[in-house]
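Peer 1: dropping a prediction and its sequence here:
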Amino acid sequence: MLTNGPSLPACGHRNSVVKSPLNRIPLELHTSESIYFKGMCTLAAGTRGPATSIDVAKLAGVSQSAVSRTYTKGASVGAETRARVEAAAAKLGYRPNLIARSLMTRRTNIIGLAVGGLANPFYAAIVEQLSNALQEIGYHVLLFTLTDETDSDELLQQVINLRLDALIMASVSLSSSLASSCQSNGIPVILVNRTTSADGCSSVSTDNEAGATMLAQYVIDAGHSRILYVAGTETTSTNLERERGLTSAIAARDGVAFQRIAGDYDFKTSAQEIAQLLSGSNFVPDAIFCANDFMAFAVMDALRFHHGLRVPQDISVVGFDDSGPASWLSYDLTTYSQPIPQMVEAVISILQAVAQNPDAAPQHVVISGELIIRGSCRGRGDG
């Protein structure tokens, strides 16, 4: 054994090619189950690398493809063959090399999931349910947290270098450069809770405009005539569609005043904007329509704990999403639901269609939610 210099973990392979007489030998691996790389290691005489699928196949008395099918989720393999392969693998200490397999199949079974932060409980719920659904059909999930289009541009090189099978962007805006680069590199992009006009990208969203119109009509029918809109991030499709639904409902009624502030889908910003409005504006709303539940929680906390106002007796508050805390007694928020299970199901359907036919046309799925009436909005005649 070569021992000059500090010892590193022994590594090698029966097909390894020694490039240097030094004890720290750059190796270049040349088997179908090894990633091509050059690295420094101490070579032990007679040392061989980990067991390969060829070794398992010989010991089990099956073909190498049978070994591959045994470790491919959903692949067809007989019970007896599977048992023989698993017994041989256990004896040899074999573990499938997923990275090497990706070099042969040109698929990594890795899906990139980009989300606009996890503080918003609605975003966290999307991540959880999407991740579970993807794992059930054999994908691994790589999570990215982004805040704006600048971050999505920085994501671009990682997406391409990691050879992702697809990129799912949940509640994140898609930049034109990311869209075009993913398309040219054959990486499908699916937007969730956003819509896009970018070529080649699919999307799954709630019918935001119709939902906002329905919610606004309920607020107006309950007798409110001074409505404040707490806007989300100004350029996002969700904010634009929800504001359009709200303002169309207001325009259809006489005697309803409207004003807006920018909450930017942020908890702290929403609370600060409400404080500024209440301390320095002549407009005193009797109802506050928040572009999502997360901002509605911030607004309700600010009204109660910093301004001594009661919800809904003094000011009604409604949101959009029906995220988990909306049903808590502390908020009891009237809102419009975004049905995450149906949205996830649509994403999986699009993903499977693209996997079967990479040239499949993009799909744009719009799902109807539901008006959820709780106690944060005062009804007509309530004191």
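Peer 2: Nice, thanks for sending it over.
Peer 1: tell me the average confidence for stretch 268-282?
Peer 2: Along stretch 268-282, the predicted local confidence has a mean pLDDT of 93.
Peer 1: isn't Val117 up against Thr145?
Peer 2: Not quite, residue 117 is Gly, not Val. Yes - the pair formed by Gly117 and Thr145 meets the contact definition of Cβ atoms under 8 Å, at 5.6 Å. C-betas here are computed from N, CA, C, even on glycine.
Peer 1: Ala353 belongs to a helix?
Peer 2: Yes - counting by DSSP: H, G, I helix; E, B strand; the rest coil, Ala353 is located in a helix.
Peer 1: quick one: Val366 and Ser376, what's the gap?
Peer 2: As defined by Cβ to Cβ, to the nearest Å, Val366 lies at a distance of 27 Å from Ser376.
Peer 1: the two: which has the busier surroundings?
Peer 2: It is Ser376, of Val366 and Ser376, that has more neighbours when counted by other Cβ atoms under 10 Å, with 23 against 14.
Peer 1: for the helix or strand that contains Leu113, C-alpha coordinates in PDB please.
Peer 2: Leu113 is part of strand 110-115, with elements assigned from DSSP states H and E. Once non-C-alpha atoms are left out, strand 110-115 reads as follows in PDB (Å, rounded to 0.1, in the frame of the first residue of the first chain):
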ATOM      1  CA  ILE A 110     -35.300  15.300  -9.600                       C
ATOM      2  CA  ILE A 111     -37.900  18.000  -9.700                       C
ATOM      3  CA  GLY A 112     -37.000  21.600  -8.800                       C
ATOM      4  CA  LEU A 113     -39.600  23.200  -6.600                       C
ATOM      5  CA  ALA A 114     -39.200  27.000  -6.300                       C
ATOM      6  CA  VAL A 115     -41.400  28.800  -3.800                       C
END
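Peer 1: list the helices and strands the next helix or strand after it packs on?
Peer 2: Remark: after strand 110-115, the chain's next helix or strand is helix 121-136, criterion DSSP H and E. Packing partners of helix 121-136 (3 or more Cβ pairs under 8 Å, 6 or more residues apart in numbering; DSSP states H and E): strand 110-115, strand 140-145, strand 166-170, helix 293-305, helix 340-356.
Peer 1: what about the following helix or strand past the third one, distance to the chain center?
Peer 2: I take that to be strand 166-170. Using DSSP H and E, the next helix or strand after strand 166-170 towards the C-terminus is helix 176-184. Relative to its parent chain, helix 176-184 has a centroid offset of 18 Å by Cα atoms, centre = their mean, to the nearest Å.
Peer 1: can you show me the strands along the protein?
Peer 2: Counting by DSSP state E, residue ranges of the strands within the chain are 17-18, 27-28, 110-115, 140-145, 166-170, 189-192, 201-206, 226-231, 257-262, 287-290, 316-318, 335-336, 364-367, 371-372.
Peer 1: just send those back as CSV, with mean pLDDT and distance to Pro325 too.
Peer 2: Putting these into CSV (pLDDT from 0 to 100; distance: least, Cβ to Cβ, whole Å) gives the following:
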stretch, mean pLDDT, distance to Pro325
strand 17-18, 38, 59
strand 27-28, 36, 54
strand 110-115, 92, 18
strand 140-145, 91, 20
strand 166-170, 92, 19
strand 189-192, 94, 21
strand 201-206, 96, 19
strand 226-231, 98, 17
strand 257-262, 97, 22
strand 287-290, 98, 13
strand 316-318, 98, 13
strand 335-336, 98, 11
strand 364-367, 96, 22
strand 371-372, 98, 13
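Peer 1: residues making contact with stretch 194-201?
Peer 2: Residues outside stretch 194-201 that contact it (Cβ atoms under 8 Å, 6 or more residues apart in numbering) are 169, 171-174, 176, 179-180, 182-183, 189-191, 203, 205, 236-238, 241, 362, 364.
Peer 1: and stretch 208-218, how far out from the chain middle?
Peer 2: Centroid separation for stretch 208-218 versus its chain: 26 Å, with Cα atoms, centre = their mean.
Peer 1: list of residues touching it?
Peer 2: The set of residues external to stretch 208-218 that reach it, using Cβ under 8 Å, 6+ apart, is 227, 237-238, 241-246, 248-250, 289, 318, 320, 334-336, 368-369, 371, 373, 377.
Peer 1: rewinding a little: winner for burial among the helices and strands packed on helix 121-136?
Peer 2: Among those, the stretch with the highest mean neighbour count (mean count of other Cβ atoms under 10 Å) is strand 166-170, at a mean of 25.
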